[in-house]
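Chemist: predicted structure and sequence below. I'll ask about it afterward.
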Amino acid sequence: MKEQTIDMDTLQNMLEKGEPLTILDVRHGQDYQEWAIPGSAHVDAYDALKRKDPQALKTVQLQSDRPVVTVCGAGVVSLEAAHQLRQQGYDALSLQGGMKAWSLAWNSATVPAKSPDWHIIQLRRTGKGCLSYLVGSGKEAAVIDAALDPEIYLNLAQKHGWQITHVLDTHIHADHLSRSRRLAEISGARLYLPAQERVTFPFAAVHDQDVLNVGSIQIKAIHTPGHTLASMCYLINDEALLTGDTLFLTAVGRPDLEADADNARRRAHLLYGSLQKLLDLPPETIILPGHTSEPVAFDGEPIATPLAQVQQETAVLALPEAKFVDTLLQKLPETPPNHHRIVELNEAGELPEGNVTDLEAGANRCAVG
């Protein structure tokens, strides 16, 4: 069987351009529900395809005037799917590396600002749910929570005439490898992290109420312990709040990663206090989270909501403290895969050699709703 495949970058470019195609996900239903490529169709044919059942896709009806890209977890079973569809007359290709490779796919959206003198660009790992930010003004820019290859931020900054001078993280991440230290080294920017003693490499410590200036942008740090003890949110020109994993659009950060039961409960109480602090901000403040729990469409629409709407749509924010804590601890999702190893690498500021998709594979699970 001749292998006919398409790589992640090519598929990403096709989706960005809005080219007509059909993406057919052949994984088990549970895997598809947890995370999928935006706009993809699904047929639970994984087991039949794995045993090379020639009838696995016989009942599938697809548009014949456009290419089909088949998708599985690692790009192996989808080869059989593409082969069977080609035998049925479709122009079918298999996604190389499957959803593991897709975890590095990304797109971007511009967040509206009141002034044309500064900009916020949201970069989204659509295959993983990680959200990072490039904020620029004049000739300077800052990157917050870098989760993509440093060259992506450098190239985008260059297009806007910006030099990256500041690189920040909101916290020590547990679900993906931070690219912040590498980006700071390549760009010559200063690396800023919340004040803590966990990391073993040099950085500039950020404390509560510190203000960093990037062109006409003021980035104000707000200490919000809970998801981690050192978590920071960053308020941009009193208009937009980068919340990391403290507050999402319809959920809050989980308090239990890298913590035993007693510490998780303590951190849940801290998180409650941190959220009350954020809820005191003006209701029109735009909330820009560090993750999303849904695949990100290639639509150019930022994942952003005014604080008032977040408060309205996030039920746990209305609970009294004791009930809030109990509810969070009862609703914790599964922990992110490999999170202990990812935390170790982020504390050391290291990126392992070679392909990191196995280490980072899996949906984002940092939120509790």
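Modeler: In hand now; what should we look at?

Chemist: for the rest of this, base every contact and every neighbour count on C-alpha atoms.
Modeler: Fine.

Chemist: would you list the phi and psi of Lys220?
Modeler: phi -100, psi 130 (degrees, to the nearest 10).

Chemist: neighbours of it, how many?
Modeler: Residues within reach of Lys220, counting by other Cα atoms under 10 Å, total 22.

Chemist: can you pull the contacts of it?
Modeler: Contacts here follow Cα atoms under 8 Å, 6 or more residues apart in numbering; on that basis Lys220 touches 209-212, 234-237.

Chemist: please list only the buried members of those.
Modeler: Among these, those scoring as buried are 211-212, 234-237 (criterion: 16 or more other Cα atoms under 10 Å).

Chemist: max-length helix in the chain?
Modeler: Ranked by residue count and defined by DSSP state H, the top helix of the chain is helix 261-279.

Chemist: hmm, who's touching that helix?
Modeler: Around helix 261-279, the neighbours that count as contacts under Cα under 8 Å, 6+ apart are 223-229, 246-247, 254-257, 307, 311, 317, 321, 324-325, 328-329.

Chemist: following the chain past that helix, name the next helix or strand.
Modeler: Per DSSP states H and E, helix 261-279 leads on to strand 286-289 as the next helix or strand towards the C-terminus.

Chemist: what's downstream of that next one, the next helix or strand?
Modeler: Toward the C-terminus, strand 286-289 is succeeded by strand 305-306 as the next helix or strand (DSSP H and E).

Chemist: partner strands of that next one and their direction?
Modeler: Strands adjacent to strand 305-306 in the sheet, as given by DSSP bridges, are strand 286-289 (antiparallel).

Chemist: what's the spacing between the strand it pairs with and its chain's center?
Modeler: Distance of strand 286-289 from its chain centroid, counting by Cα atoms, centre = their mean, to the nearest Å, is 13 Å.

Chemist: need the buried ones among the contacts of Lys220 in TSV (columns: secondary structure).
Modeler: Output for these, formatted as TSV (DSSP: H, G, I helix; E, B strand; the rest coil):
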residue	secondary structure
Val211	strand
Leu212	strand
Tyr234	strand
Leu235	strand
Ile236	strand
Asn237	coil
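
Chemist: and of these, the nearest to Met99?
Modeler: Closest approach between the buried ones among the contacts of Lys220 and Met99, by Cα to Cα: Tyr234, at 31.6 Å.

Chemist: beta partners for the closest one?
Modeler: Note on Tyr234: beta-bridge partners Ala221, Leu242, judged by DSSP bridges.

Chemist: is it true that it touches Ile217?
Modeler: No. Using Cα atoms under 8 Å as the test, Tyr234 is too far from Ile217 to be in contact (11.6 Å).

Chemist: so where's the chain uncertain?
Modeler: In the prediction, the chain carries residues with pLDDT under 70 at positions 1-3, 362-363.

Chemist: could I get the contacting residues of the most centrally placed residue in the chain?
Modeler: For the chain, the residue whose C-alpha lies nearest the mean C-alpha position (Cα atoms, centre = their mean) is Cys130; its distance is 0.9 Å. When contacts are counted by Cα under 8 Å, 6+ apart, Cys130 touches 124, 147, 176, 290-292, 364.

Chemist: and with 7 Å instead?
Modeler: Remark: with contacts taken as Cα atoms under 7 Å, 6 or more residues apart in numbering, Cys130 is in contact with 124, 147, 290-292.

Chemist: to what extent is Ile222 buried, counted in neighbours?
Modeler: By other Cα under 10 Å, neighbour count at Ile222 equals 25.

Chemist: same question for Gln30.
Modeler: 9.

Chemist: for it, give me phi and psi.
Modeler: For Gln30, the backbone dihedrals (degrees, to the nearest 10) come out as phi -60, psi -40.

Chemist: close enough to count as contact, Gly253 and Ala367?
Modeler: Yes. Because the distance of 4.7 Å satisfies Cα atoms under 7 Å, Gly253 is recorded as touching Ala367.

Chemist: got a winner among the contacts of Cys130 for most neighbours?
Modeler: Within the contacts of Cys130, Arg124 tops the neighbour count with 29 neighbours, counted by other Cα under 10 Å.

Chemist: how close does that residue get to Pro112?
Modeler: To Pro112, Arg124 is 16 Å away according to Cα to Cα, to the nearest Å.

Chemist: check Ala142 too.
Modeler: Distance, Ala142 to Pro112, by Cα to Cα: 17 Å.
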